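*Asks:* What follows is a predicted structure for the sequence shown.
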Amino acid sequence: QQQVKQSPQSLIVQKGGISIINCAYENTAFDYFPWYQQFPGKGPALLIAIRPDVSEKKEGRFTISFNKSAKQFSLHIMDSQPGDSATYFCAASKDNTDKLIFGTGTRLQVFP
Amino acid sequence: DTGVSQDPRHKITKRGQNVTFRCDPISEHNRLYWYRQTLGQGPEFLTYFQNEAQLEKSRLLSDRFSAERPKGSFSTLEIQRTEQGDSAMYLCASSLAGGGTSTEAFFGQGTRLTVV
């Protein structure tokens, strides 16, 4: 049973545009929602994370929006750059040191 | 480099052979996790340790898989009698848990296993 559903599977964005990736979760016990960025041949790297006590968190060009009632959260990348081209994974866990349940990933391509 | 280190980076083995991977976590981290990632998918949890104790194992971890963390430092993941379906990237991560201080999980670069 997939506990974290992610969409879209792939995304093509023009340089300077906004990239939006969505995730939905099922387990209401989850209370930590990170986004990881992965480049080919590398391990995932934490980009930004949120807890359900806030509805939005912004770090530079990256923003997480969180809707607890809908059990959904999304990543917004503002002013997308070619260097942002990577695979992005949402994840969820019961705290930030528990096992992570990952979404299936979104391959983002940003064209100049 | 003080990040999570995995060895080897790549391993090609014949079906039926045994393989062992090593993970060296960030030195002060007490939790160590193993995940498996197949092409086009997100990482899937396999098992994790707190210090030397293995606290949880996924049902994905068949009897052919065994993991150890003998002194609460590095960990090994062994796959016996490898099958083609074992071909994947095996990722290790570590974090610091408890005592009022905690960190997110930091991942290594993974070991890519190809079973031929």
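*Replies:* Sure thing, it's come through.
*Asks:* where are the low-confidence patches of chain B?
*Replies:* Scanning chain B for pLDDT under 70 picks out the ranges B:1, B:99-101.
*Asks:* what residue is smack in the middle of it?
*Replies:* B:W34 (3.1 Å; C-alpha atoms, centre = their mean).
*Asks:* which residues does it contact?
*Replies:* B:C23, B:L46, B:T47, B:Y48, B:A67, B:S75, B:L77, B:Y90, B:L91, B:C92 (C-beta atoms under 8 Å, 6 or more residues apart in numbering or on different chains). To be clear about C-beta, it is placed using only N, CA and C from the backbone, and glycine gets the same treatment.
*Asks:* Quick check: residues of chain A near chain B?
*Replies:* Contacts of chain A with chain B, taken as C-beta under 8 Å from any C-beta of the partner chain, map to A:4, A:6, A:34, A:36, A:41-46, A:49, A:89, A:91, A:95-97, A:99-105.
*Asks:* repeat that with 7 Å
*Replies:* Chain A comes close to chain B at residues A:34, A:42-46, A:49, A:89, A:96-97, A:99-100, A:102-105, as judged by C-beta under 7 Å from any C-beta of the partner chain.
*Asks:* one step back: not counting sequence-adjacent ones, nearest residue to the residue nearest to the centre of chain B?
*Replies:* B:L46 (4.3 Å; C-beta to C-beta, 6 or more residues apart in numbering or on different chains).
*Asks:* Dihedrals phi and psi, the one you found?
*Replies:* phi -110, psi -50 (degrees, to the nearest 10).
*Asks:* and if you look at A:P82?
*Replies:* phi -50, psi -30.
*Asks:* Surely it and A:Q109 touch.
*Replies:* No - with contact defined as C-beta atoms under 7 Å, A:P82 does not count as touching A:Q109 (8.7 Å).
*Asks:* Return the residues in contact with residue 32.
*Replies:* Going with chain A. A:A49, A:R51, A:A92, A:S93, A:D95, A:N96 (C-beta atoms under 7 Å, 6 or more residues apart in numbering or on different chains).
*Asks:* Can you look at chain B instead?
*Replies:* Contacts of B:L32 (C-beta under 7 Å, 6+ apart): B:C23, B:P25, B:Y48, B:F49, B:R69, B:S75, B:C92, B:S94.
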